[in-house]
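Trainee: this one's sequence-less:
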């Protein structure tokens, strides 16, 4: 039942009002004043609300953290109502059009776009660290031939912790920066090696004369018997744009995991492994795979009305529509929709795009979806583009992890430098037995 609010005299004016919340506890008839800062109250301020001195104080209960801010962050701004996404204040539309993924990675991590000399140094540091230790290859060789690529990536990221013991010194700024260089540089190499292992092909070493995404495409798809291989620049650019769009997205499941594990002062390799494990889930990094499978099952534009009826009757979910944050059109989806044209000019038109466009048109003209504010999200079109570029669906979460590594590291470092952050330790509402005796025993009196 919705709470009842009483009108306040002079409600149209905020002049002279305190920036606080007055709470009345009807259990005790006491009133409490709780400060409001940046549109939020501190949950610990609720602890003063008690019914007795022995009471531990009031808790806020928020399953899945739907209305709880766990940190302050200056990295990414999302306005789900207006469909706005900005990195460090820059609109995602401008960054995707004018900047490369590595420039955006620098922006996320350091807080500003790099100048010419800064960018040169940054590119040098990334390309210098793209190789992995030969024993990492041996480690990856130990996986079963049909191991899922994302499972290999998660495990290998964690294993890197044992290769770089200096990563434990997370309070050392120079060593912390070194691990950032290593992770941004090595994640495409690890991702490509995981794919090559899964299809039984020999690994291709990095080529640092190429751009970040061109190098990745080469490691992924270069035939082992070919020395020269030039990935299509249009596809490399399209993938770079996708990487920009996926670089960060505020306190999502994997980023929150990165911060939570990092709060115990673990090194960034095991933190990113934990974040990648969160991304592995079908509700997060695997969502675009579900979209592709749904569109393949639909099979034709003629079957779209049937799918719509099934969704409205509750018989199935419409994958790629709706978002936990966005209540309007996901701005990333608009950009990806445009990128698809450049990809199809090289690969040929993917028949799934016609089903997707028909599905979007049908849904956005139906009151059922309009009233629920269900619009296409970033996953709706990204999977179609990746499939057109030759990526198998089980590599989709890995392709998400590569650019998101920069966002994870930006949040990890911000968390470490935030004096208010401590080891994460949520509270709970206990619903179990108060106390029980073991079978056959009687509780002693007193």
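Mentor: Now that the structure is in, tell me what you want to look at. Not measured: the values here are computed from a predicted model. Numbers count the residues shown, from 1 in each chain.

Trainee: quick one, what contacts residue 384?
Mentor: Residue 384 sits next to 291-292, 295, 340, 350, 352-353, 356 when contact means C-beta atoms under 8 Å, 6 or more residues apart in numbering. (C-beta placed from N, C-alpha, C; glycine too.)

Trainee: hmm, 6 Å instead?
Mentor: For residue 384, the contact set (C-beta atoms under 6 Å, 6 or more residues apart in numbering) comprises 350, 352-353.

Trainee: out of those, which is most surrounded?
Mentor: residue 352 (21 neighbours; other C-beta atoms under 10 Å).

Trainee: now it, nearest residue through space, not along the chain?
Mentor: Leaving out its chain neighbours, the residue that sits closest to residue 352 by C-beta to C-beta, 6 or more residues apart in numbering is residue 295, at 4.5 Å.

Trainee: which SS class is the one you found?
Mentor: Of the three states, residue 295 takes helix under DSSP: H, G, I helix; E, B strand; the rest coil.

Trainee: my guess is it meets residue 353, correct?
Mentor: No: with contact defined as C-beta atoms under 6 Å, residue 295 does not count as touching residue 353 (8.9 Å).

Trainee: after the lengthiest helix in the chain comes which helix or strand?
Mentor: Across the chain, the longest stretch assigned as helix under DSSP state H is helix 173-198. Per DSSP states H and E, the first helix or strand lying C-terminal to helix 173-198 is helix 212-221.

Trainee: which other residues reach that following helix?
Mentor: Identification of contacts with helix 212-221 by C-beta under 6 Å, 6+ apart yields 101-102, 188, 192, 195, 204, 206-207, 229, 231, 236, 239-240.

Trainee: Including distance to residue 424, pLDDT and neighbour count, could those residues go into a markdown table?
Mentor: Formatted as a markdown table, the contacts of helix 212-221 follow (distance: C-beta to C-beta, whole Å; pLDDT from 0 to 100; neighbours: other C-beta atoms under 10 Å):
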| residue | distance to residue 424 | pLDDT | neighbour count |
| --- | --- | --- | --- |
| 101 | 29 | 98 | 25 |
| 102 | 30 | 98 | 22 |
| 188 | 30 | 98 | 26 |
| 192 | 33 | 97 | 26 |
| 195 | 33 | 96 | 23 |
| 204 | 39 | 94 | 20 |
| 206 | 35 | 95 | 20 |
| 207 | 40 | 93 | 14 |
| 229 | 45 | 81 | 15 |
| 231 | 41 | 92 | 21 |
| 236 | 38 | 96 | 21 |
| 239 | 34 | 97 | 27 |
| 240 | 34 | 97 | 22 |
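
Trainee: Can I get those in JSON lines including distance to residue 36?
Mentor: Converted to JSON lines, the contacts of helix 212-221 look like this (distance: C-beta to C-beta, whole Å):
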{"residue": "101", "distance to residue 36": "38"}
{"residue": "102", "distance to residue 36": "40"}
{"residue": "188", "distance to residue 36": "44"}
{"residue": "192", "distance to residue 36": "49"}
{"residue": "195", "distance to residue 36": "49"}
{"residue": "204", "distance to residue 36": "55"}
{"residue": "206", "distance to residue 36": "51"}
{"residue": "207", "distance to residue 36": "54"}
{"residue": "229", "distance to residue 36": "58"}
{"residue": "231", "distance to residue 36": "52"}
{"residue": "236", "distance to residue 36": "48"}
{"residue": "239", "distance to residue 36": "44"}
{"residue": "240", "distance to residue 36": "42"}
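
Trainee: and which of those is nearest residue 377?
Mentor: residue 239 (19.3 Å; C-beta to C-beta).

Trainee: how about low-confidence regions in the stretch 251-400 of the chain?
Mentor: Counting by pLDDT under 70, the stretch 251-400 of the chain shows low-confidence ranges at 323-324, 326-327.

Trainee: Swap in 80 and give it another go.
Mentor: Low-confidence segments of the stretch 251-400 of the chain, defined by pLDDT under 80, span residues 286, 320, 322-329, 377-378.

Trainee: Which residue is the nearest non-sequential neighbour of residue 252?
Mentor: residue 284 (7.1 Å).

Trainee: which residues of the stretch 201-350 of the chain fall in helices?
Mentor: Taking DSSP state H, counting those that start in this stretch, the helices of the stretch 201-350 of the chain run over residues 212-221, 233-246, 253-262, 268-279, 287-298, 304-312, 331-347.

Trainee: The fifth one: how far from the chain's middle?
Mentor: For helix 287-298, the distance between its averaged C-alpha position and the chain's averaged C-alpha position is 20 Å (C-alpha atoms, centre = their mean, to the nearest Å).

Trainee: now for that helix, which elements pack on it?
Mentor: Helix 287-298 is packed against helix 351-363, helix 378-388, with contacts defined by 3 or more C-beta pairs under 6 Å, 6 or more residues apart in numbering; DSSP states H and E.

Trainee: Are we agreed that residue 32 is in a strand?
Mentor: Yes: assigned with three-state DSSP, residue 32 falls within a strand.
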